[in-house]
Structure formats: C-alpha cells, structure tokens
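**Q** Requesting a structural model of the entry that follows:
(chains A and B)
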Amino acid sequence: MNGPSSRADVALLAVNGLTVEFDTDEGVVRAVDGVTFDVKPGETLGIVGESGCGKSVTALSIMRLLPQPMGRIVGGEILFDGENLRQLPLAAMQRIRGARIGMVFQEPMTALNPVHTIGRQLAESLLLHEGLRPNDALRQSMDMLHRVGIPAPDVRMTEYPHQLSGGMRQRVVMAIALACKPDLLIADEPTTALDVTVQAQILALMRELQDDLGMAVVLITHDLGVIAETSDRAVVMYAGRIAEHGSVYDIFDRPAHPYTQGLLTSIPTLSTMRKSKLPVIEGMVPSLADLPQGCRFENRCAHRQPRCAEAPPERELVAGTHGVSCYRWRELTPSAAANP
Amino acid sequence: MFSLNPQTRRMLRRFRAIRRGYVSFLILSALLIVSLIGELLVGSRAIIVSYQGQWHFPTYTAFHPGTDFGLDYSFETNYRELRDVFRAANEGDWVLMPPVPYNPFESHASGDVYKPEPPSLASRHYLGTDTTSRDILARLFYGTRIALFFSLAFMASVYLIGIAVGCAMGYFGGVFDLLFQRFIEIWSNVPFLYMVIIVFSVIPSTFSVPVRIFVLLAVMVLFSWTSMTYYMRTETYKEKAKDYTAAARVIGASTGRIIFRHILPNAISTLVTFMPFTVVAAIAAITALDFLGFGLPPPTPSLGELLRQGTATLRTAPWIVGAAFGTLVLLLTLVAFIGEAIRESFDPKKFTVYQ
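**A** Below is the predicted model:
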C-alpha cells in the first residue's frame, strides 16, 4: 500500500457515470447505473458487492465484452490513459486488450481452451501483440510460467489444461493475462473457485507480480476479507450503484453507508459469541427489473426515512477520497467526528 | 511443438483396439490406395511392352498408335492382340498385361450379338461380362473407385459448407441466425430427387462426362449441407459461451482467430463421428440414383447401373447382380464398421462408467 503516493496522481483508468442496460424477458434492465471511479497507476482498487450488483458487468464494460446483442453501454465514459474506450474502433480495442489491459476470470476450469497446450495459449497474446517469432514467444512464455510459480515449466508448456489442478490453472490464466505486461489487470473474482489455501497463494502472487510489473489492479470480489488484504482503495456496489467508496481504512474502520456497516457486522469474528445468531441484513436485493425509485437499499435499511424512497441520494464526500451515497451518513457514522 | 492432444491419442488407441473397425479401416485404405494405381491392375493398356529391345510403359503415357509396335494400324494399340502377335513372331519381344486385361468401356462380344458371358478363367473375364459384353470386374473396380472418391468429395464439400454456415450462425447469432435457420428449413424441404431429374433434363447431353459428374456432385451437395449446420450451430453456441472464448477476446484475438483457433477445434470433434455415415449415405445415394438412371452419366462404370442390368437379367445372367450386390454390401459394411468404431472410440461414457 505504498504504491500510489509515490506515483503520479493521474488516473490510469477513469470510469465516469457508466450506465449499462440489458434486454431481458422482463424488459430493459439497468444493471449498472452511473458508476464512477478511477484507478491510479500501480494501485489496487477493490470492487465489492453481492451477486448481481453489477461488478462483473462493470468489468466487462471496460473490456467491451458485454454479451451481444443483449447488453449495451448507454451512458458515461471509460477513459483509459486519456482515451475513451467506448468510442474506440474494434481493431484498436483488440490492440489494447491483452497488451495494455489484462483480464483474469473467475473459473480457471473453463478459461483455458481444452484443445491447445498451455504453451500455445501462453504464447498467443505475445504473438498477437509483441510480434515475436514463435520460438521467442515460447521462451518468454516459459519465463512467465516460472514467474507465476509453476514448477517444471518446460513440462507444463506441452501439457493440456485438464492435466493441471485448479490452482495451477489459475496461475496459468494469470500468466496469460500478464504475458504482455499490461498497465492494468482486471481480476474478476480470481479466487472464488479455489480452495482457501490456494486463494491466499494466488492473492500473494498477484501482489508480488503487481509490485514487479508496476501495474494497476481492479479486483472484483464479494469477499471483504480479500479486499482488506489486497486493496488500497475500495468501491462498495449495491444493486448497480456505488454505495460507498474510499480507502480500505475508510471502508473498514469508518463505514458511512448502512449497507457497508451491515456487511461488516455480518462477518463472523473470533470474538463473536459462540452459537449466537450472526447479524444479517434483513430482506432481499431488489430485482433489477423492478428497482425502487429512491435509494436502492431503502427497503432493507434500518435507518430509512420517507425521503429515501423518493429520490436517490447524491454522492457526498465524507473526507478526502471517502464518498458515500446516503442522506443520513452524518448521524450514522459516530466515529466520523472522532477520526477525521 | 506439434504433438497430438492426449485425448486424441487415447481415442486413436481405442480406435485401434476395436479390431473390426480398425481392420475395416486398413482394408478400405488399402483399397483406396490400390484403386489410385488401378490402371496397373485392371486395364487394357499393357504395363510394360518390350519392343525391339526397348521398354515402353504405356499405362500413364500418351497413347501409342499400333504403328509404334510394328502393327498396321494407326489407332490405339490393342495390347492383348499385340501380345499374341509378339508370341507368334517369337522374336524376343513381349508384353506384360495387367492381371485383368480389360478396360471398363470396351465390348468383347464374340459375335455380332451383345450377350452377357458367365465368369470364365480362360477368357480372363473373372466375373463375366455384362449385357453389352463389357468386363464386369473392370466395371466394378472403376465403379467402386468413382463411388468412393465421389462420396469422399461429397463428404468434404458437405462438411465444409455445413461447418462454415453452422459456425457463422452460431457465432454471429441474432437476426443472421434467425434468417438462415428459416432459409435452411425451407431449403431442406426441396425434394432432392426431383431437382436431380430437372437439372439433368436441362443440361445438354453434349457436356463431357466429368462435367456431368461434377454437376451431379454439386446438386447433391447443394441439397445435403443443411443437416450439418444443426450440429455445428449448437456446438458453436455452446463453445462461444465458454470462458475461454471470452479469455481469447480478452487477450485481443480477432473474430477470425477466435472462430478458427478456439471454437472450431472444440466444436468439430462431434462431427468426426458422423463422417463415415455420411460416406455410407453418399455411396447408397449415388447407387440408388444410378439404379434409377439419374446418376452418373453413361458409360461411366457404376454399381447402380450394374445392379439395374443385373435385376433386369436376373434369370439369364445372375452373375451380374451377384457381383454388384456383393461389392456394394462389402463396401457399405466396411465403412459402417469404421463408423461404428469411430463412434465408440469417441464415446465419453467409456471413461466414466465404473465396471
């Protein structure tokens, strides 16, 4: 967490008011609504939220990989290094994908093509972007495999995905994403499908590679623990909108939004009394096809007021980079005054 | 770097382990190779002619007029007569004929009457002659060769078009898929036999035989490619939705690269199991068309045409129908055995059933 301060404070990726809609059987659904955040070179931004809150859709939108023709970006801009990715022609986008922005998927089991060897898949992006000769690409791929901590990389190069374990595969997937040394890595729940021990290894590896290559990371997860461990800053999403954003210290020590507070209290800790009931957030996430007019957390919020149901709260700054979308955050964050 | 996928290798191993299919495959491959050099085994041109100390190999060269070998005519040498002439002269010249010294087009009527002759070793008509006194073995041999290569070409074209269209439908989806599906539904309901009859009544009979064979192939392919698109379309839809396709896009692969490098190799494996059955269907179809008289243009040797002759002369010349029928059964059985073995070696259940 020493990266960002020493670097230029210009954002590498700036997402402004991103709005994404999907055509579904129930009509048009707004999966992401006015999402704004930025990522500075070298830092790690965590996006956290429960299933269906739009965090993966945000990631896919950045890569312009929304499922066609159902999904489309209807508003906002995605500035990567000053260029609006939304308006880029496809060929230019293909030059950015893999070379400057890498992406890691959740399921290492399916993210590798079963009919090609590990070596061929690793070399592919090098061949596409760096114009290397096949032999050089293979040699460089082998270095990369070594770097992500795969033993006997020369043997693994000629093997097929089904011959590797889940953790190994995720390492390979990461090696592919990092082969061209991108400026930004988008990791969409990279550890969700893995065992807890392997999870820790993969996260540690990611940090290590991030320090080596000096890239920025957007880490998408539903696991607050992962965010706490890896991120510099975090964005909490709820039902397509950003509820709260700030440094991990802001989020974990001084949560201002009732949703963030609820999430944090529902994490079991060692000091929780045994057999006591784990606190939960009552109610269900509203269906994206039938969203409330006002604050989206309104129907589950213990602190709701009539105005919450009327119009969505604007984003307000708590302090510095810590922002929250709630009418009542001042009353709900007693520690805000104590820890400025 | 090139090596077979271990799964492919396992399939090959299993295919080899299925004796019946593997042996059929070897026999059929041998047959195909032998038929490529068939002129050396069955044909009216000599393999070697030794004339005045010089050797000639007339099989694949331009034709030699009879005067080349001291005969008194300038049309193509009749090598069987030449052999008799050389023997009678006894000057050290000799002719080596193929084991079956007849070509499928010449008539060997002993008098002025065309009449099927029964099989005879003495006349070297091992399977007899047909109603126009042509050697049946020669006609069967070349008929089989044409049927095999015709059906292989048919299979290749059907798969090429079917895979291309099906893959495009699956990959691009949406309106393109919808329109093409409707088009295919209409197209596959056009009665194929009528189309063949109509097309052949329209094209002039002055077209050369190879052109007419090609037209027949084209018509057959035109009305058969649709069945392949169904499988290919669903397979592509399935593979397109998998993460590795997205992963390929994420590293910046172009649409063409994604289709050809990532989706096709995964989608195509199911189609391999259909191939032998497509060949069987093609052989059966071409034989049926020939039987009805709408197939390969005469005088092209063909199994169906022999069958028709044979059924017409069932009582007087049963050897015709016997030879044609036997060949057809043998051929179709071989291909069906291969198909069965391929299907079984691709069966994924084999690996998951506990025994």
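
**Q** residue contacts, the closest residue to chain B within the stretch 201-340 of chain A?
**A** Distances between the stretch 201-340 of chain A and chain B by CB to the nearest CB are smallest at A:V218, namely 13.3 Å. No exception for glycine: its C-beta is placed from N, CA and C like everyone else's. Counting by CB atoms under 8 Å, 6 or more residues apart in numbering or on different chains, A:V218 makes contact with A:L13, A:V39, A:T44, A:L45, A:I47, A:A59, A:I62, A:L184, A:L185, A:I186, A:A187.

**Q** now, which of the residues you listed lie within helices?
**A** Residues of the contacts of A:V218 located in helices (DSSP state H): A:A59, A:I62.

**Q** from the contacts of A:V218, which is closest to chain B?
**A** Of all those, chain B sits closest to A:I186, with 8.6 Å by CB to the nearest CB.

**Q** Cross-check the contact I'm expecting between that closest one and A:Q106.
**A** No - between A:I186 and A:Q106 there is no contact under CB atoms under 8 Å: 11.7 Å.

**Q** the strands in chain B, which residues?
**A** Listed in chain order, the strands found in chain B under DSSP state E are B:48-51, B:54-56, B:94-96.

**Q** Output the contacting helices and strands for the first one.
**A** With contacts taken as 3 or more CB pairs under 8 Å, 6 or more residues apart in numbering or on different chains; DSSP states H and E, strand B:48-51 sits against strand B:54-56, helix B:79-89, strand B:94-96.

**Q** So in that sheet, which strands flank the last one, and in what orientation?
**A** Meaning strand B:94-96. strand B:48-51 (antiparallel) (DSSP bridges).

**Q** can you list contacts of the partner strand?
**A** The contact list for strand B:48-51, computed with CB under 8 Å, 6+ apart, reads B:55-58, B:64, B:68-70, B:79, B:82, B:86, B:92-96.

**Q** mind running it again at 7 Å?
**A** B:W55, B:H56, B:F57, B:P58, B:F69, B:D93, B:W94, B:V95, B:L96 (CB atoms under 7 Å, 6 or more residues apart in numbering or on different chains).

**Q** Could you dump those into TSV and include neighbour count and pLDDT?
**A** Shown next, in TSV, are the contacts of strand B:48-51 (neighbours: other CB atoms under 10 Å in any protein chain shown; pLDDT from 0 to 100):
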residue	neighbour count	pLDDT
B:W55	9	82
B:H56	17	79
B:F57	13	82
B:P58	22	80
B:F69	20	77
B:D93	19	80
B:W94	14	80
B:V95	24	81
B:L96	13	83
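
**Q** which residues of the stretch 201-340 of chain A fall in helices?
**A** Ranges of helices within the stretch 201-340 of chain A are A:224-230, A:248-253, A:258-265, A:329-332, A:334-338, based on DSSP state H, counting those that start in this stretch.

**Q** Same question for the longest one: list its buried residues.
**A** Right, helix A:258-265. Buried residues in helix A:258-265, defined by neighbour count with 16 or more other CB atoms under 10 Å in any protein chain shown: A:P258, A:Y259, A:T260, A:Q261, A:G262, A:L263.

**Q** Can you give me the end-to-end span of stretch A:263-281?
**A** End-to-end span of stretch A:263-281 (CA to CA, to the nearest Å): 8 Å.

**Q** Nearest residue to B:S35 in space, please, no chain neighbours.
**A** Nearest non-adjacent residue to B:S35, counting by CB to CB, 6 or more residues apart in numbering or on different chains: B:R145, 4.1 Å away.

**Q** Wait, the one you found touches B:G38, no?
**A** Yes - B:R145 is within contact range of B:G38, at 6.0 Å (criterion: CB atoms under 7 Å).

**Q** Now render the helices of the stretch 201-340 of chain A as CSV, adding mean pLDDT.
**A** Output for these, formatted as CSV (pLDDT from 0 to 100):
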stretch, mean pLDDT
helix A:224-230, 88
helix A:248-253, 89
helix A:258-265, 88
helix A:329-332, 81
helix A:334-338, 50
